[in-house]
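Undergrad: The following block contains a protein sequence and its predicted model.
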Amino acid sequence: MSIELQGVTKKFGDTVAVNNVSFSVREGELMALLGPSGGGKTTVLRLVAGLEMPTAGDVFIRGRRVNDLSVQQRNIGFVFQNYALFKNMNVFRNIAFGLKIKKWKRARMQARIEELLKLFGLEGLERRYPHQLSGGQRQRVAIARALAPQPSVLLLDEPFGAVDARIRQELREWLVTLHHDLNVTTVFVTHDQEEALEVANRIVIFSGGVLEQVGTPREVYDQPANEFVARFIGAMNVLEAKVREGVARIGELEFPASGEAEGQQVRVGFRPYAVQVSADLTRYRYHAVLQHTFFLGVLLRLELELPSGLTLRARMTKEDYAQQGLEDGRRVSFQIRQYRLLAGEAAALGPEAELQPETPPVLGDYI
Amino acid sequence: MGFTLFYLGAIVLIPFAALVLRALELSWLDFWRLATTERALAAYRLTFGASLIAAAANGVFGTLLAWVLVRYHFPGRRSLDALIDFPFALPTAVAGLTLASLFAPDGWLGRYLVPLGIKGAFTPLGVVIALTFVGLPFVVRTLQPVLQNLEREVEEAAATLGAGRLRTFAQIIAPTLLPAVLTGLALAFARAVGEYGSIVFISGNLPFKTEIAPYLIVQRLEEYDYTGAIALAVVLLVFSFLLLGAINLLEQWSRHARRPA
C-alpha cells in the first residue's frame, strides 16, 4: 500500500472536518477524492501531506506510520490549487528549490531539471518568472516542482479548478498520460464527478467529512453504496411515492415494491438512461410531453412532463432522437427500465429492480 | 486637469521656486560657507544619523508588528491595529512633550533609566526615540497589504519541498517583503529628516550636540539670518528630492514584485 488511512478524524474546534475515515491507495494508482465542497476531501489530502495533523487515527505512507513526521520529512509532492509558485524565482529555480534542500549534486540537479522541463513542455521558459507564464504553464511548473525530488506520492488539490474549460480537458488527458509515464502514486481532489470518472483508476467519495464509498468509476456508478453516491455520481430522478397494495405509486407511475408496508412513503430513484422514450404513443405504457431537449454533445437530455405534472429526465443519443423525429412539445410514450427504492442519503441501496420491457405490471391486476 | 496643475503649482511649486530663487541670490561660495558651518554639519549629522537609526529600528520592529497584526488573531488586535496610527494623529508637539516628560530624569521612565546610564532626554538618544515614534506607522502600514497578499500556500509549498521555517523565510518571504520594507523605511526616514515638533522638547537643542537641522533653520530665522536659513533649507530640500526619487523607484520595484502569479 502506498497510502493508508486508518480511522482518521480531524476536528477544527468543534467542527468535524473528517470523521473516522479509512481507505488505502495502492502503489502507482491514480486516485480521486471526490465530494461536494466542504466534504472534507481537501482536509484528507492535507492530512496525508502532513499540512494538518489528525485528531485521531493513523496515516501510513509506504507502510510507515507518518503521524509524527513533519511535512518536510514525508517526501511528498504537493500541488496547490493556486499553484503557489515562488514569485521571486524563475521557473528553473522554482523546480530546483526542493533539489537544493535535498542537497543534490549540481550535475545531477541540472540533468533532472532538464528532464522535467522536456517532459512538461517547458523548454525555453526556464528563465521566465511566474507572472510571465500562462495558467497552464504555471500549473505544469507547479507539478514539475513537486515531482522534481522524486516524492513517494504526488498530491494535487483541485488541479483543474483554476483553468478554463478548454484547457481543462487537455489537462485531464495530460494528467492521465503523465501518470501512465511516471507511474507515481497520485491522489487528486476534485468536486467534479465527471472529472473523477474520466481520470481516476479509483474514486473515494466524501460528504460531510464521512467516506461514502471507495471504488472504480464503474463500481461507484453502477453500484452506488447509498443514495448520496447515486445522486452525486451521474444524474438521478428521485420521486416520493406511497405504497398501496405492494406497489409504490406516484401520479400515474407505478413501481412494484413488495415487502414495503401498506401506506409507507418511499422514494424511488432511476437514472435518466433507464427512461426509454418513443415517438410512437402505442409503444410504451406511460405518456408525457417532451418539454425541452438539451444538447450535451453525443447524448441529449430530455425533460418530460407527465399529465400529472411530474417532470422526469431522460437520456437519448443524437442518432436515436433524429431517427424518431422527436422535437420539443411533442407527445411521447415512455417506460422506466430500472429503478431502486431509496431509504435515505446514507442508507445502503437495495438491488436495482428490472422491469420487463413491453410488459409493464398490468394495472388490472391491482384494481 | 487644469485645476490639478494650478493647485499643484500654487501649493508645491511656487514656494519651492521661491526658495530656489532666494538661494540663487547667494554666490556659490557664500552658499557653501553658510551650508557647511561646523554647527550646520553637526546638525546634519544628528538629523541624518538619528533618522537612519530610527528608520532601521522601525524596519525591524515595524516588520515584526505588521507580521503579528496580519498573521495572529488575538483579543485586542483591532485596537492595537488602530493604535498604530496614533503617531500620525497626535500633534507632534504633544508627542514631544510626552516623550520629554517620560524620559526626563524625574519622569516615569527616566527615573529608572537614568540611574542605569540610559539618558533619554536632552541627548541624541532622545532624538532617536522621538523619530522612532513618529516613523513607526510608515513601515507597518506599507507592509500590511503586502503581508496580507502573501499566500499561506506558498509557505506550505516550500514546506512540502522540505524547507524549514528559516529557509522559507530567508528565500521566499524576505525577498517578497523586501521592497515594501525598504519603501516603508524610506518613508519613515523622510519623515524623520523633516521632523521638528516632537524633537525640540526632548532633545534640548544644544548646539553641536542635540540640535537638529530643522531647528537650526528656525534659529537662523530668529537671528534674522535669512540667507543662512535658506542655505540650510536648500540642502534639506535637495536631499528630500533625492529621497523622493528613491521612494518612487522602490515602489515601482515593489509593484513589480507584487504582480499576481
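TA: Okay, I see it.
Undergrad: going forward, measure contacts and count neighbours with C-alpha atoms only.
TA: Fine.
Undergrad: ok, now which ones touch the closest residue to chain A within the stretch 151-261 of chain B?
TA: Going by CA to the nearest CA, chain A is nearest to residue B:162 of the stretch 151-261 of chain B, at 4.0 Å. Going by CA atoms under 8 Å, 6 or more residues apart in numbering or on different chains, residue B:162 touches A:71, A:72, A:73, A:75, A:98, A:101, A:102.
Undergrad: go on, residue A:72?
TA: B:159, B:160, B:161, B:162, B:163, B:164.
Undergrad: Could you turn the buried ones of those residues into a ChimeraX selection?
TA: Those of the contacts of residue A:72 that count as buried under 16 or more other CA atoms under 10 Å in any protein chain shown are selected in ChimeraX with:
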select /B:159,160,161,162,163,164
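Undergrad: Past the helix or strand bottoming out on mean pLDDT in chain B, which element shows up next along the chain?
TA: In chain B, no helix or strand scores lower on mean pLDDT, DSSP states H and E than helix B:110-113, which sits at a mean of 76. Sequence-wise, the next helix or strand beyond helix B:110-113 is helix B:124-149, with elements assigned using DSSP states H and E.
Undergrad: any idea whether residue B:180 is helix, strand or coil?
TA: Here residue B:180 takes the helix state, with states given by DSSP: H, G, I helix; E, B strand; the rest coil.
Undergrad: what's the pLDDT at it?
TA: Residue B:180 is assigned a pLDDT of 86 by the prediction.
Undergrad: So what pairs up with residue A:267 in the strands?
TA: Residue A:267 has these beta-bridge partners by DSSP bridges: residue A:240, residue A:342.
Undergrad: thinking again about what came up before, would you reformat the contacts of residue B:162 as JSON lines and include secondary structure and pLDDT?
TA: Below are these laid out as JSON lines (DSSP: H, G, I helix; E, B strand; the rest coil; pLDDT from 0 to 100):
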{"residue": "A:71", "secondary structure": "helix", "pLDDT": "92"}
{"residue": "A:72", "secondary structure": "helix", "pLDDT": "92"}
{"residue": "A:73", "secondary structure": "helix", "pLDDT": "92"}
{"residue": "A:75", "secondary structure": "coil", "pLDDT": "91"}
{"residue": "A:98", "secondary structure": "helix", "pLDDT": "94"}
{"residue": "A:101", "secondary structure": "helix", "pLDDT": "92"}
{"residue": "A:102", "secondary structure": "coil", "pLDDT": "92"}
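Undergrad: excluding its backbone neighbours, what's nearest whatever residue of chain A ends up closest to chain B?
TA: Closest approach of chain A to chain B (CA to the nearest CA) occurs at residue A:72, with a separation of 4.0 Å. Spatial nearest neighbour of residue A:72, chain neighbours left out: residue B:162 (4.0 Å); criterion: CA to CA, 6 or more residues apart in numbering or on different chains.
Undergrad: Ramachandran coordinates for that neighbour?
TA: phi 100, psi 0 (degrees, to the nearest 10).
Undergrad: Which ones among the contacts of residue A:72 lie within helices?
TA: B:159, B:160 (DSSP state H).
Undergrad: Distance of the closest residue to residue B:158 other than its chain neighbours relative to residue B:72?
TA: The spatial neighbour of residue B:158 that comes closest, neighbours along the chain excluded (CA to CA, 6+ apart), is residue B:168 at 6.3 Å. Distance, residue B:168 to residue B:72, by CA to CA, to the nearest Å: 18 Å.
Undergrad: more neighbours, these two?
TA: Between residue B:168 and residue B:72, counted using other CA atoms under 10 Å in any protein chain shown, the more crowded position is residue B:168 (18 against 10).
Undergrad: Quick check, that one in contact with residue B:160.
TA: No - using CA atoms under 8 Å, residue B:168 is not in contact with residue B:160; the gap is 11.0 Å.
Undergrad: At the geometric centre of chain A, which residue do we find?
TA: Centroid-nearest residue in chain A: residue A:193, 2.9 Å away (criterion: CA atoms, centre = their mean).
Undergrad: In this structure that residue contacts residue A:230, no?
TA: No - proximity of residue A:193 to residue A:230 does not meet the contact threshold set by CA under 8 Å, at 11.4 Å.
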